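Student: When you get a sec, could you give me coordinates for this:
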Amino acid sequence: MHNVRIIARLDVKGENLVKGVHLEGLRKLGDPREFARRYYAQGIDEIILIDIVASLYERNSLLHLVERTTSEVFIPITVGGGLRSVLDVQKALRAGADKVAICTAALKRPELVREIAGTFGSQCMVVDIQAKRNAPGKWEAYFDNGREHSGRDVVEWAKQVADLGAGEILLTSVDREGTGKGMDLELIQKVTAAVPIPVIVSGGVGSADDFADAVQIGKADAVAMAHVLHYNHQTVGQLRTHATTRGVPVRRFEPVA
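Tutor: Residues are numbered from 1 along each chain as shown. Presented below is the predicted three-dimensional model:
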């Protein structure tokens, strides 16, 4: 089995790193660059930077932050929020992003996924799926930071974007997001079993066991975390060590002297 990636998710509003519960009630935590540098020093595998109100206000203002962050942090960075066209993606990649995450624009015009993958390669096309449970064993895809209904079934939408050329899926349980009460393993299992592409899961990690369960039970390829890292409940090193004791393969990290 390939190494499972440990990813730090940084949700940004304006110049601030923010964190809420169920993507609501956002609390300012500080400069996102400081958090990115901290996690990089701890050995995080990747970083996801998302402007969580960009689509709501129809803006794209992350590029300056991306440029500054990529000058200090030398690991893959995925950028999302407010990207609505191939040109927007081109600007994000030129600013230093390695991948882009698309949610709202993909739901409104699915063909955009094919256009981005065809222009820049599937490896940089991540579809962000914000899932809310709407019936037993069923979830609906939302957009605008979990505010708006799409009417699309999450599993069917995941299959469609994989067919359109997405290289990865970022699957967030809005119901569990920010709670630290564990991930929606049923949701993760349903999506990972339905698609042939890697699935990054997010929402609900409160302990190292939650991370390991997402991989061993949910079959996730990567886990993106915010709450458990931002509030210092676990360091990246602690997560990595516990994963190893649970038999989860992770990258070995040797701090630079």
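
Student: just checking, next helix/strand downstream of the strand ranked longest in the chain?
Tutor: Longest strand in the chain, counting residues (DSSP state E): strand 125-135. Per DSSP states H and E, the first helix or strand lying C-terminal to strand 125-135 is strand 138-143.

Student: What residues sit buried inside that next one?
Tutor: Of the residues in strand 138-143, those buried under the neighbour-count criterion (16 or more other Cβ atoms under 10 Å) are W139, E140, A141, Y142, F143. Every C-beta, even on glycine, is put in place using the N, C-alpha and C of the backbone.

Student: what bridges to the third one?
Tutor: Counting by DSSP bridges, A141 forms beta bridges with A131, R152.

Student: Pipe the buried residues of strand 138-143 into CSV and attach pLDDT per row.
Tutor: Shown next, in CSV, are the buried residues of strand 138-143 (pLDDT from 0 to 100):
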residue, pLDDT
W139, 97
E140, 97
A141, 97
Y142, 93
F143, 88
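
Student: and which of those is nearest to V248?
Tutor: Using Cβ to Cβ, W139 comes nearest to V248 of the buried residues of strand 138-143, at 24.9 Å.

Student: dump the residue contacts of the closest one.
Tutor: A131, K132, R133, D153, V154, V155, L187, K190 (Cβ atoms under 8 Å, 6 or more residues apart in numbering).

Student: most neighbours, which of those residues?
Tutor: Sorting these by how many neighbours each has (other Cβ atoms under 10 Å) puts A131 first, at 29 neighbours.

Student: isn't that one right up against E186?
Tutor: No: with contact defined as Cβ atoms under 8 Å, A131 does not count as touching E186 (10.9 Å).

Student: Go ahead and confirm C124 touches V100.
Tutor: Yes: the pair C124 / V100 is scored as a contact, 6.2 Å apart, by Cβ under 8 Å.

Student: Pick out whichever of those two has more residues nearby.
Tutor: Between C124 and V100, counted using other Cβ under 10 Å, the more crowded position is V100 (23 against 20).

Student: Find the helix or strand that the more buried one is a member of.
Tutor: V100 is part of strand 99-102, with elements assigned from DSSP H and E.

Student: For the helix or strand just after that strand, give me every contacting residue.
Tutor: Where DSSP H and E defines the elements, the next helix or strand beyond strand 99-102 is helix 104-108. The contact list for helix 104-108 (Cβ under 8 Å, 6+ apart) reads 55, 83-85, 112-113, 127-128, 141, 143-144, 150, 152, 157, 161.

Student: what is in contact with C124 and V100 at once?
Tutor: V89, L93, I116.

Student: Out of the residues you listed, who's the most crowded?
Tutor: Counting by other Cβ under 10 Å, top hit in those: I116 with 29 neighbours.

Student: residues in contact with V205?
Tutor: So V205 contacts G180, G182, M183, F211, A214, V223, M225, H227, V228 (Cβ under 8 Å, 6+ apart).

Student: hang on, A97 packs against I77?
Tutor: Yes: look at A97 against I77 with Cβ under 8 Å: they come within range, at 5.6 Å.

Student: Phi first, then psi, for S122.
Tutor: phi -60, psi -30 (degrees, to the nearest 10).

Student: quick one: it and G167 touch, right?
Tutor: Yes: using Cβ under 8 Å, S122 is in contact with G167, at 3.7 Å.

Student: Give me the secondary structure label for F74.
Tutor: coil (DSSP: H, G, I helix; E, B strand; the rest coil).
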